[in-house]
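J.: no sequence on hand, only this structure:
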């Protein structure tokens, strides 16, 4: 498992170029990949932060040449991981996100985002981690690497 630089981790042009190069190297050298898109659960709860979640998904889509041709394979290899929210709340927030004005403003991406979110909800390919807010309380954790592996298929392709 590789923890790639996040799409929202762009603090200046040097970081953007470095992150882009890192993604290029991973995508061009690793034959079988699975994707875990990680979000702060609060990004799906209010209008302003919805833009951050939208941008993460859009930039993920932009990572692929001809996404529409390979979207089924990419979608089957993708899960969502949320921090700072419990699993019951996030399902409703995902439904609300599909209806949000921020993604309807970009018609080219709206259908793809809705399709991916529908698939993630239908196949329960979203996981959460909620940090304890009191001492001696266990974290609420709905994810393990085994769960992610079982809920996804590898995106495989030829490497030159």
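T.: Looks like it came in fine. Note that the coordinates shown come from a computational prediction; the quantities given were computed from them, not determined experimentally. Numbering: from 1, shown residues only.
J.: what's the span of stretch 26-35 from first residue to last?
T.: Terminal residues of stretch 26-35 lie 12 Å apart, using CA to CA, to the nearest Å.
J.: quick one: buried residues of it?
T.: For stretch 26-35, a neighbour-count test (16 or more other CB atoms under 10 Å) marks 27, 33-35 as buried. Quick note: C-beta positions are derived from backbone N, CA and C, even for glycine.
J.: distance from the chain centre to that stretch, please.
T.: 16 Å (CA atoms, centre = their mean, to the nearest Å).
J.: report the rounded mean pLDDT for stretch 127-137.
T.: Throughout stretch 127-137, pLDDT has a mean value of 69.
J.: would you mind identifying the next helix or strand past whichever strand or helix holds residue 74?
T.: For residue 74, the host element (DSSP states H and E) is helix 67-76. Past helix 67-76, further along toward the C-terminus, the next helix or strand under DSSP H and E is strand 78-83.
J.: helices and strands around the very next helix or strand once past that following strand, which ones?
T.: Toward the C-terminus, strand 78-83 is succeeded by helix 87-99 as the next helix or strand (DSSP H and E). Helices and strands touching helix 87-99, by 3 or more CB pairs under 8 Å, 6 or more residues apart in numbering; DSSP states H and E, are helix 110-122, strand 126-130.
J.: hmm, residue 81 is touching residue 120, no?
T.: No. Using CB atoms under 8 Å, residue 81 is not in contact with residue 120; the gap is 10.7 Å.
J.: shared neighbours, these two?
T.: residue 126 (CB atoms under 8 Å, 6 or more residues apart in numbering).
J.: taking the buried residues of stretch 26-35, tell me the two that lie furthest apart.
T.: The most widely separated members of the buried residues of stretch 26-35, counting by CB to CB, are 27 and 34 (12.8 Å).
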